[in-house]
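A.B. asks: Predicted coordinates and the sequence they were generated for:
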Amino acid sequence: MYATRNPAPAALTSPVSLAAWWATATVLAAWSLRGFPAGVGVAVIAVVAVAAGVLVVLVRRYPLSGNQIRVAAYVCAFVATQAVGVFNAIAVMTPGISYTPQGFGPQILIEVFGGPALSVWTFVLVRAWVIDSRGLFARPAGRSRFVRLSVGGAAAAASLLVLFAANIGYHTLIGLAAVPDIDYPMHAHSTGQWLVLALSLALAGVAEEPVFVGIAVLLWPRPTGRTFVAVWVLTALARAGIHLYYAAGADAATAIAVLLVVLWCGVWSGFNLFLVYRTRRLWPVILAHGLQNTLGFAAALSISTAGSADELLLVVTAGLILGTMLFIVVAVVCFLVMSVRRLWFGFRRTDQVKGRNCPLVQTPQCPPEPQSHQTIG
C-alpha cells in the first residue's frame, strides 16, 4: 500500500508558501539591481517575476511528467534564481551598460545571504513537488554516520580536484588560443569588506549547486545515457551563463572565449552531476565549490596584502590556505581508502520484486520499503 500524502511537501507547495517564494525572488532581484539604469533593471525584474510565476503554476497545476514540463521547470528555476547573475555577467561584457556601485554597507548582507537562501528554497520547493508527484528517491540506508561522511568527503575531494584540473585546462586553452585572460580586481579596501567578500565567495556553492545540479537530478532522477547527456548540456549552459564575464575583454576573440567558458563549465557540471547521481548527496559538491572559491580568494588576498600590517587579514589568509589544503589531503586519503574498500560505487541498490529491478522511484511493481527511502540532500 502506498504512503499517504506527506504534509511537508503539501505545506511547501501551498498557495501561501508559493506566493512568499515568488515575492522573495522578485524583491531580491529588484534589490540586487539597484545600481543599474531603471529601464534595464525593470526588464530583468519582469523576467524574474514571469519565470517565478510560471514555476508556481507548474507546481500547483501540473504533475511532473514529460520532458517538456521538466525542462520548463528547470529553466524557470534557473531564471528565477540566477537571472541577476547572468545579467551582471553580460553587463561586464558590455561596457555600454552603466552601473553605480552601491558600496559595502550592511545592506550588502542581504545579497550575500539572500541569493543562497533563495536557491536552497527553490531546491526544497522543487523537491517537494517531485516527492508529491513521483514518490521518494532511494538512497542506501543503514550506513553509519562515519561511512556517510567518508563518502561525502570523498565526493567533495573528487569534485574539488576535477575543478582544479578544469581550471588549469581552461587557462591553458586560453593561452593557446591567445585570448586575453582577465583578472578582475576585488573591490575591497578594509578588513570588514574583505571578510564580506570572502563570505560571499564561500557561499557561491550554496547559491549555484542546488539549482544547477540539484534541481536537475530531482527532475531527471534516473536518466538513460542520452538523457544524461542532455541534462549535462543543459546544466553546463546554465552554469556558463553566470560565468560569461570570464569572456570580457576578448574583443575579436569573444566567440572563442565564450566557447572555452562553456567547455570549462561543461567539465565542471558533468562531473558534479555524476557525483550527485552516484551518491544522492548534494552537499559534497556545494562544499567543493565553496572550498575552491575560498582557496582562490586566499591566493588573491595573499597577493593583495603582501607587506600589509593588518594582522587579521594575514591570519585569515593563512588560515584559509592551510585549512583548504588540509581538507584536500584528508579527503583524498579518504577517497583512496573508500576506493580500495570498494565502497565508492556501492550505492546502487537493486530490489528484486517479481523478478524486476526497482527504479529509484516507487511504482506499483516496486512499492516503497519502510525507512529505506530518503530524498537527495
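C.D. replies: Alright, I've got the coordinates.
A.B. asks: Against residue 56, how distant is residue 20?
C.D. replies: 11 Å (Cβ to Cβ, to the nearest Å). (Each C-beta comes from the backbone N, C-alpha and C, glycine too.)
A.B. asks: Looking at those two, which is more packed in?
C.D. replies: residue 56 (21 against 12; other Cβ atoms under 10 Å).
A.B. asks: Neighbours of residue 203, how many?
C.D. replies: Counted with other Cβ under 10 Å, residue 203 comes out at 20.
A.B. asks: just residue 255 next, same as before
C.D. replies: Each residue near residue 255 was counted by other Cβ under 10 Å, and the total is 10.
A.B. asks: so what's it scoring on pLDDT?
C.D. replies: At residue 255, the model reports a pLDDT of 88.
A.B. asks: Now do the contacts for it.
C.D. replies: Residues counted as contacts of residue 255 (Cβ atoms under 8 Å, 6 or more residues apart in numbering): none.
A.B. asks: Backbone torsions only: list them for residue 178.
C.D. replies: Per-residue torsions, residue 178: phi 60, psi 40 (degrees, to the nearest 10).
A.B. asks: Nearest residue to it in space, please, no chain neighbours.
C.D. replies: residue 253 (7.2 Å; Cβ to Cβ, 6 or more residues apart in numbering).
A.B. asks: how deep is that neighbour tucked in, by neighbour count?
C.D. replies: 17.
A.B. asks: what sits against it?
C.D. replies: Here residue 253 is in contact with 177, 178, 179, 180 (Cβ under 8 Å, 6+ apart).
A.B. asks: Please flag which of these sit within helices.
C.D. replies: Members of these lying in helices (criterion: DSSP state H): none.
A.B. asks: Could you list the low-pLDDT ranges of the stretch 251-377 of the chain?
C.D. replies: Applying pLDDT under 70 to the stretch 251-377 of the chain flags residues 300-332, 334-377.
A.B. asks: SS state for residue 97?
C.D. replies: coil (DSSP: H, G, I helix; E, B strand; the rest coil).
A.B. asks: contacting residues for it?
C.D. replies: Counting by Cβ under 8 Å, 6+ apart, residue 97 makes contact with 36, 37, 40, 90, 91.
A.B. asks: count of residues packed around the first one?
C.D. replies: The one in question is residue 36. Residue 36 - counted by other Cβ under 10 Å - has 20 other residues nearby.
A.B. asks: Give me the three-state assignment for it.
C.D. replies: Three-state assignment for residue 36 (three-state DSSP): coil.
A.B. asks: That one is in contact with residue 84, isn't it?
C.D. replies: No: counting by Cβ atoms under 8 Å, residue 36 does not reach residue 84; the two are 9.7 Å apart.
A.B. asks: Now do the shared contacts for those two.
C.D. replies: residue 44.
A.B. asks: quick one on the thing from earlier: ok, the contacts of residue 97 vs residue 79, which is closest?
C.D. replies: Within those, proximity to residue 79 (Cβ to Cβ) peaks at residue 90, which comes in at 13.7 Å.
A.B. asks: What residue, apart from its backbone neighbours, is nearest that closest one spatially?
C.D. replies: residue 244 (6.3 Å).
A.B. asks: can you tell me how far that neighbour sits from residue 250?
C.D. replies: For residue 244, the distance to residue 250 - Cβ to Cβ - is 11 Å.
A.B. asks: Residue 271 now?
C.D. replies: 26 Å.
A.B. asks: thinking again about what came up before, looking at the contacts of residue 97, spot the one nearest residue 168.
C.D. replies: residue 90 (26.6 Å).
A.B. asks: Which SSE is immediately downstream of the helix or strand in which that closest one is found?
C.D. replies: Taking DSSP states H and E as the definition, one finds residue 90 inside helix 67-93. Counting by DSSP H and E, the element after helix 67-93 in chain order, helix or strand, is helix 108-134.
A.B. asks: Point out the other helices and strands that that following helix packs with.
C.D. replies: When contacts are defined as 3 or more Cβ pairs under 8 Å, 6 or more residues apart in numbering; DSSP states H and E, helix 108-134 packs onto helix 7-12, helix 15-32, helix 38-61, helix 67-93, helix 191-202, helix 204-209, helix 215-219.
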